[in-house]
Structures are given as structure tokens and as C-alpha cells.
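Student: 3D, please:
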Amino acid sequence: MKSALVIGATRGIGKQIALKFAENGYGVCVAAKTVESTDKLPGTIHDVVKEIKDKGGNAFPMRCDVRAEEDVKNTVQECLKNFGHLDVAVYNAGAILWKSVMETPLKRWDLMNQVNARGAYCMVQSVLPHMLERKSGRLILVSPPIYNRFFKGKTPYSMSKVAMTVLVHGLANELQGTGVSISALWPATVVESHVTNVRNLAPSFMRKPTIFADACFGIAEEKSDKLNGLPLIDEDYLRSEGMTDFSKYRCDPNQEPDRMMPKVFPSLKVAEESDDPPVSSKL
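Tutor: Next up, the predicted model:
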């Protein structure tokens, strides 16, 4: 049996990713901090595991506060204990505040950096030795392509998310030829979630989280390393795999939601891409 760790799996995209893997025969570790449901944060890791098991799937819950290194390490070890190996690790945990620099207190920026960039880094470091030893594995981080418009109005948040994408780009160089790959994934449109429900966002603006889960599963199942280091968009990736009809993902069956992401992204590569950087520079 293949196995997957999904961190940040109690609601929305994360929950749907866990369900998708379980429905396709994976053993799933459902990891997140929420163990008690509240009006503010409905749903727990136990609820998701129960839903998976009720459908005949294999899953177990792990309380994991991604700000605590030991929690992340223990979660990975429990995956190996339960499944014997780990084929896929998805980092969906996130802290968000879309405000300007002056409107974002340092304490809140620290929280976003700890949950987003640091948490993802911790998961990767904890999982990577096992995958490298097996010469097989897929790491997927929920983070965006890097482009200037993304920063506007939410620079502090963007700093923490783009750092995750830098990890994808940079680590990919180290993973070449190892059998392990890392990719970033981000939605093309607004995706239905607890936040969109609280804000009463009209269904016509959104897609169901199943589109993101389908893309995530496709990336995990890719046999080659062609996706290593790529920041992918759910719709664009699925189109590259031959999908043309996205109507099943609409929240409003009569309305295709507007795309919030650009159609084309800038390349981060330079003409000197293959040159080794100088050890020192002379003025």
C-alpha cells in the first residue's frame, strides 16, 4: 500500500487531498493542530479519519502543531511506524493575513513565517532522509509561483509563502537524479473553503476543492522527475495532462469562475544559469 502524509488536513483543500489519496488506495496520515471542533474552526483530524474509514479507507490522525519541530518529526515517525514507508508528503498548513506591511504586526508576521515557511522546511527536512534512502518520493508544498502582482497588498504574507516556493526551486537542484522530487501547487481560481463560507462568497466565484486534490494526486503519481522544481497551477497542470472540461469543479454549475492567477508566469532563470557562482567578488 502506498502512503501519504497530509499536513493541514482538517478542512477545505487539505481535507479533500486526504480523501483523494485514501479513495485511491493510499494509507493516509491526517495531520493538523485541530482536535476539537468549534464554530470558528469546524472539523478535526478525527472527523476526517472517520470519514475515510467509513468509506473503507486506511487512515490515522496525528495532532501536529507545525511550529513545534518535535511535533513534525513525531508525525513523520508515526507515518513510518504505521505504514513502513512514506511515498508522498503534502504541506497544506497555512497562516494568512492579507494586509500591508504597516498593518501587519511583527507578531503576526512571525506566526505566518513559522507556520508557512518554517513549517514546510521542517516537514521537508524530516521526510527527506527516508525518501532519499528509498530513492523514491514526492514532496508537494501549497505555495504560489513567484511574480510581482502576488505581493501587492499582502507583502508580509507573500514573504512567507514565496519562501516555500524558493525551497521548491532550490531543493530541486539537490534532488536531481535521486528519485525524489518536489513541486509547488496553487489554485487558478478561488477555491471553496471554510473562509469563503464565512465570508459568504458567491458560488460563481469559486471552484470545489476537488480540482486541487485531483491535481495534487496527479503530481504524486507522476513516475518521472519532470515536475521536480516546478511551481504548478491546478488547472494548468490538469490541462497539461489532457483535461479540457472543468465544469464538474464549478460551485455554481452554470458559471465558470474567473481565474485569479496570470496565464503566463515569468521565468526566474538567467543566461548564466549553468555557471557556478563565484566564491568571492572583486570590486
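
Student: got the phi/psi numbers for the spatially most central residue of the chain?
Tutor: The centroid of the chain falls nearest to Val142 when counting by Cα atoms, centre = their mean (2.5 Å). The phi and psi values for Val142, taken as degrees, to the nearest 10, are phi -80, psi 90.

Student: ok, which stretches of the chain are helices?
Tutor: 12-23, 45-54, 69-83, 106-112, 119-134, 148-151, 155-175, 194-198, 210-221, 234-240 (DSSP state H).

Student: burial of His85, as a residue count?
Tutor: Using other Cβ atoms under 10 Å, the number of residues around His85 comes to 16. (Glycine included, C-beta is placed from N, CA and C.)

Student: Give me the neighbour count for the closest residue to Ala22 other than its chain neighbours.
Tutor: Nearest residue to Ala22, sequence neighbours excluded (Cβ to Cβ, 6 or more residues apart in numbering): Gly57, at 3.6 Å. If you count neighbours by other Cβ under 10 Å, Gly57 ends up with 19.

Student: for Ser160, same thing?
Tutor: Burial of Ser160 is recorded as 25 neighbouring residues (other Cβ under 10 Å).

Student: which residues sit in contact with it?
Tutor: Ala95, Trp109, Met112, Asn113, Val115, Asn116, Ala117 (Cβ atoms under 8 Å, 6 or more residues apart in numbering).

Student: next one: Glu235
Tutor: By Cβ under 8 Å, 6+ apart, Glu235 lies in contact with Pro187, Ala188, Thr189, Ile211, Ala215, Phe246, Arg259.

Student: And these, which is closest to Arg239?
Tutor: Phe246 (8.6 Å; Cβ to Cβ).

Student: my guess is that closest one meets Ile211, correct?
Tutor: Yes - counting by Cβ atoms under 8 Å, Phe246 sits close enough to Ile211 to count as a contact (7.0 Å).

Student: Neighbour count: those two, which is higher?
Tutor: Applying other Cβ under 10 Å to Phe246 and Ile211 shows that Ile211 carries more neighbours, namely 24 against 17.

Student: Give me the nearest residue to that one, chain neighbours excluded.
Tutor: Ile211 sits nearest to Tyr249 (Cβ to Cβ, 6+ apart), 4.1 Å away.

Student: And for that neighbour, the neighbour number?
Tutor: 23.

Student: Name all residues that make contact with the residue nearest to Val76 when sequence neighbours are not counted.
Tutor: In space, and not counting its chain neighbours, Val76 is closest to Ser126: 4.4 Å by Cβ to Cβ, 6+ apart. Ser126 sits next to Val72, Lys73, Thr75, Val76 when contact means Cβ under 8 Å, 6+ apart.

Student: could the residues you listed be laid out in a markdown table, adding distance to His194 and neighbour count?
Tutor: Supplementary listing: those in a markdown table, determined by distance: Cβ to Cβ, whole Å; neighbours: other Cβ atoms under 10 Å:
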| residue | distance to His194 | neighbour count |
| --- | --- | --- |
| Val72 | 23 | 29 |
| Lys73 | 28 | 16 |
| Thr75 | 22 | 23 |
| Val76 | 26 | 26 |
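
Student: Check those against Arg63 and report the nearest one.
Tutor: Thr75 (8.5 Å).

Student: My read is that that closest one contacts Met62, right?
Tutor: Yes - under the criterion of Cβ under 8 Å, Thr75 makes contact with Met62 at 4.6 Å.

Student: Which of the contacts of Ser160 has the largest number of neighbours?
Tutor: Asn116 (26 neighbours).

Student: excluding its backbone neighbours, what's nearest that residue?
Tutor: Nearest non-adjacent residue to Asn116, counting by Cβ to Cβ, 6+ apart: Ser160, 3.8 Å away.

Student: try Cys122
Tutor: Closest to Cys122 by Cβ to Cβ, 6+ apart is Val72, at 4.6 Å.

Student: shouldn't that neighbour be in contact with Gly119?
Tutor: Yes - applying Cβ under 8 Å, one finds Val72 in contact with Gly119, separated by 7.1 Å.

Student: thinking again about what came up before, could you measure from the residue nearest to Cys122 over to Ala93?
Tutor: Remark: distance between Val72 and Ala93 (Cβ to Cβ, to the nearest Å) = 10 Å.

Student: which neighbours do these two share?
Tutor: Joint contacts of Val72 and Ala93 (Cβ under 8 Å, 6+ apart) are Ile7, Val66, Gly119.
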